[in-house]
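Trainee: no sequence on hand, only this structure:
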Ligand SMILES: Cc1cc2nc3c(=O)[nH]c(=O)nc-3n(C[C@H](O)[C@H](O)[C@H](O)COP(=O)(O)OP(=O)(O)OC[C@H]3O[C@@H](n4cnc5c(N)ncnc54)[C@H](O)[C@@H]3O)c2cc1C
């Protein structure tokens, strides 16, 4: 409402300006015609004239009316150089800031909502370098000032910054124009005031801060190399430390674009994902699902039967699965691709040299023009008293440990309510273990919306997991052979007995033991990089879990492309990592897949969204498959079909999400999904139906009323 009031006031003011022909006075001829009168008036009432002129100037600039240049000349004519400059400098800046604020008030929210994801990069750039860009735009009198005011109002630049940079940036131009105004009689046209030479000089001054910032950045970067002596030649174009998802893809891209690449891995090729993460966990989940379906065979018209299986065989199958995938990441494969693969521990010696403590006992040093650190992350072990005494497992150790068991542990405690904790809890419960899942927060999967967390908790509980939220682990205790996790809940302590304890409370980037400290490469929770994935040393890059902010195989591979391409061709062109559309899936049953915003994040970020839901229970294929639990939830810009985020809870949700990931990445809205044929009967139809729900909610009611009347009339 307030916005409409402001628009009305502005509309009335601008209309009055044109209807009353006020524009005739704001021309060179107009000012010349009243010059003598203005000078007399100023002599009679200097303060009144000064304030009136000041107010008029502010109004013209704030309303973005043409005539500011002529008013600036008039200031020189009426008030002389010094006072003219003072009056115009403040009036023009105040007017510009008002225009900026009005544009921000009226349009910014809708622009940010509509193009929010795409504007993120611009907003970040504005935060970092906005003042420099604004200064350049202000100084070079080629850019229409009113446009600058309006456009910058739509960005995230701070009002204070906008004000002072505008005032300083416009000063030189103001002086030139006000000075010209002191000799108004000699001016025939506004174009005479600023010669092309002067424009060029302004442009040079305008670009100066930007160029000097680049030079300072360059100097800063080169200063970090000062203490090191650079090799005259290099053994390699690229050395990659770590052969997990990020390292493998970096090396692959390196050789694909004909660089000489060495890949160093201290443990197992394939890193976490292949050996301890995605692959074994998904193999486990599959066996658990088959066991679950056997147990609930009556859901499918079969006999419900307690599945008979050997735990050892289930774990052995997981090993076989890993072994089957292994060749994709093997030394042989990468060697055949042209990568030199070295088994050993890498350590940075200087910004170009890596020392390898080879697994065969030899030590070797290699120099490289560029280095990609892809050292990954390891499970976080919380400092719980008594932990070492009772013994614990993590994703790194549980596979080998369980594979050696003939019988599974009877009572399993899993600490952590994140994706890994949930996947393991459900899978082991389905395989007949008694599982307690302990989470200190109010709900599991806390990054997801409340309804999603609730559904996950219900699914896990139905499978027999004792999901204990708001239970904070305090310590571990041993009583003879019995082991306990002591937890705090609502002020009381209770002991949860276990035979095995799995820690799944997050994973921390590997930051020690390979030279980051010696080189002074800054680290926080991960290695600190810029948007090109460069560390403090521009030739050393980081990708994957060690760089964050995500901890997924697909994001590690995504970053690896940027790291390797920037490492090898960054001198010519560098690419900023694109984090705009990042999907992920938690592989419990039903799966939970998400891309972009959910309701929780939208509320935190104060972004207005429209929520459309389609219940999977209504979907034919889900009904035939007995998999009717779940929904597709799409967040869109209110009134528009532009997708801001999607959460799917369903069987195969991770696969179903791909259509929305594509749509978001390429700016396709729900109308496009609705207009796309989906095979019947598939789960993917849910995507089309949710688009249909959205369409129904936006049906043009008046038009439909009219059409109904038309049909009624046709029947007569
Ligand atoms: C149980 C579990 C399930 C998961 N499930 C999924 C999933 O379903 N989907 C998904 O996307 N992600 C999943 N993840 C996460 C995924 O595994 C990781 O995000 C991914 O492996 C990160 O790859 P990376 O290359 O950054 O690191 P890593 O895979 O950890 O690779 C780093 C490698 O560097 C080596 N290294 C470290 N330092 C040195 C050194 N100094 N010299 C030589 N070598 C070194 C390490 O030995 C390691 O092999 C899961 C993780 C776990 C634990």
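Mentor: Structure received. Computed from a predicted structure; not experimentally measured. Numbers count the residues shown, from 1 in each chain.

Trainee: need the strands for the stretch 451-600 of the chain, in chain order.
Mentor: Here the stretch 451-600 of the chain has its strands, by DSSP state E, counting those that start in this stretch, at 466-468, 472-479, 482-489, 492-498, 500-503, 507-509, 540-542, 583-586, 591-596.

Trainee: close to the ligand, is the fifth one?
Mentor: No - shown here: strand 500-503 not in contact with the ligand (Cβ under 6 Å from any ligand atom), separated by at least 9.8 Å. Every C-beta, even on glycine, is put in place using the N, C-alpha and C of the backbone.

Trainee: show me what that strand is packed up against.
Mentor: Contact here means 3 or more Cβ pairs under 8 Å, 6 or more residues apart in numbering; DSSP states H and E; on that basis strand 500-503 packs against strand 411-415.

Trainee: for the strand it packs on, packing partners?
Mentor: helix 419-430, strand 434-438, strand 492-498, strand 500-503.

Trainee: could I get the contacting residues of residue 282?
Mentor: For residue 282, the contacting residues are residue 587, by Cβ atoms under 8 Å, 6 or more residues apart in numbering.

Trainee: which pLDDT does the model give it?
Mentor: Per-residue pLDDT puts residue 282 at 98.

Trainee: quick one: contacts for the residue in the stretch 101-250 of the chain that the ligand sits nearest to?
Mentor: Going by Cβ to the nearest ligand atom, the ligand is nearest to residue 244 of the stretch 101-250 of the chain, at 2.1 Å. By Cβ under 8 Å, 6+ apart, residue 244 lies in contact with 270, 271, 272, 273, 274, 374, 376, 544, 545, 556.

Trainee: identify, out of the strands of the stretch 451-600 of the chain, the most deeply packed stretch.
Mentor: strand 540-542 (a mean of 29; mean count of other Cβ atoms under 10 Å).

Trainee: who touches that strand?
Mentor: 348, 351, 370-374, 519, 521, 526-527, 529, 532-535, 563-564, 566-567.

Trainee: near the ligand, from the residues you listed?
Mentor: Subset of these in contact with the ligand: residue 374, counting by Cβ under 6 Å from any ligand atom.

Trainee: about what we covered before: mean pLDDT for the helices and strands packed on strand 411-415 - can I get that in CSV?
Mentor: Below are the helices and strands packed on strand 411-415 laid out as CSV (pLDDT from 0 to 100):
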stretch, mean pLDDT
helix 419-430, 98
strand 434-438, 98
strand 492-498, 97
strand 500-503, 98
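
Trainee: one step back: taking the contacts of residue 244 one by one, which sit in helices?
Mentor: Judged by DSSP state H, the subset of the contacts of residue 244 located in helices is 271, 272, 273, 274, 556.

Trainee: quick check, pLDDT for residue 187.
Mentor: Residue 187 is assigned a pLDDT of 67 by the prediction.

Trainee: separation between the spatially most central residue of the chain and the ligand?
Mentor: Of all residues in the chain, the one closest to the mean position by Cα atoms, centre = their mean is residue 579, 4.4 Å from it. Using Cβ to the nearest ligand atom, to the nearest Å, one gets 15 Å for the distance from residue 579 to the ligand.

Trainee: how far away from the center of its chain is the longest helix along the chain?
Mentor: Criterion DSSP H: the longest helix present in the chain is helix 68-103. Mean C-alpha position of helix 68-103 versus that of the full chain (Cα atoms, centre = their mean, to the nearest Å) differs by 41 Å.

Trainee: can you pick the most crowded of the contacts of residue 244?
Mentor: residue 544 (37 neighbours; other Cβ atoms under 10 Å).

Trainee: next one: phi and psi at residue 635?
Mentor: Note on residue 635: backbone dihedrals following degrees, to the nearest 10 are phi -100, psi 130.

Trainee: that one bridge partners, please.
Mentor: As for beta bridges, residue 635 partners with residue 611, residue 645 under DSSP bridges.

Trainee: pLDDT wise, what is it at?
Mentor: pLDDT at residue 635 comes out at 98.

Trainee: circling back: got the buried residues for the longest helix of the chain?
Mentor: 68-79, 83-89, 91-103 (16 or more other Cβ atoms under 10 Å).

Trainee: now for that helix, which elements pack on it?
Mentor: helix 28-44, helix 46-62, helix 145-153, helix 159-181.

Trainee: got those helices as CSV, with mean pLDDT and mean neighbour count columns?
Mentor: Shown next, in CSV, are the helices and strands packed on helix 68-103 (pLDDT from 0 to 100; neighbours: other Cβ atoms under 10 Å):
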stretch, mean pLDDT, mean neighbour count
helix 28-44, 80, 14
helix 46-62, 90, 17
helix 145-153, 86, 20
helix 159-181, 88, 20
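
Trainee: helices of the stretch 251-400 of the chain, residue ranges please.
Mentor: Taking DSSP state H, counting those that start in this stretch to define them, one finds helices in the stretch 251-400 of the chain at 271-275, 278-295, 311-325, 331-337, 387-390, 398-403.

Trainee: please identify the most buried of those helices.
Mentor: Of the helices of the stretch 251-400 of the chain, helix 271-275 is the most buried (mean count of other Cβ under 10 Å), at a mean of 25.

Trainee: near the ligand, which residues of this structure?
Mentor: In this structure, the chain approaches the ligand at residues 241-247, 264-267, 271-273, 276-278, 281, 345-346, 374-377, 395, 420, 510, 514, 544-546, 551-554, 556, 587, judged by Cβ under 6 Å from any ligand atom.

Trainee: give me the buried subset of those residues.
Mentor: Buried among those (16+ other Cβ under 10 Å): 241-247, 264-267, 271-273, 276-278, 281, 345-346, 374-377, 395, 420, 510, 514, 544-546, 551-553, 556, 587.

Trainee: so where is the chain shaky, pLDDT-wise?
Mentor: 1, 112-121, 141-142, 185-210, 212-213, 216 (pLDDT under 70).

Trainee: picking up where we left off before, and which of the ones in helices among the contacts of residue 244 is nearest to the ligand?
Mentor: Within the ones in helices among the contacts of residue 244, the smallest distance to the ligand is 2.4 Å, found for residue 271 (Cβ to the nearest ligand atom).

Trainee: and the nearest residue in space to that closest one that is not next to it in sequence, how far from residue 378?
Mentor: Closest residue in space to residue 271, ignoring its immediate chain neighbours: residue 244 at 2.2 Å, by Cβ to Cβ, 6 or more residues apart in numbering. Residue 244 is 11 Å from residue 378, where distance means Cβ to Cβ, to the nearest Å.

Trainee: try residue 392
Mentor: For residue 392 relative to residue 378 (Cβ to Cβ), the value is 14 Å.

Trainee: before we move on, what about residue 322?
Mentor: As defined by Cβ to Cβ, residue 322 lies at a distance of 19 Å from residue 378.

Trainee: now do residue 504
Mentor: Counting by Cβ to Cβ - residue 504 and residue 378 are separated by 13 Å.

Trainee: swap in residue 45?
Mentor: From residue 45 across to residue 378, the span is 79 Å (Cβ to Cβ).

Trainee: mind checking which of these two has more residues around it?
Mentor: Per other Cβ under 10 Å, whichever of residue 45 and residue 378 has more neighbours is residue 378, with 16 against 11.
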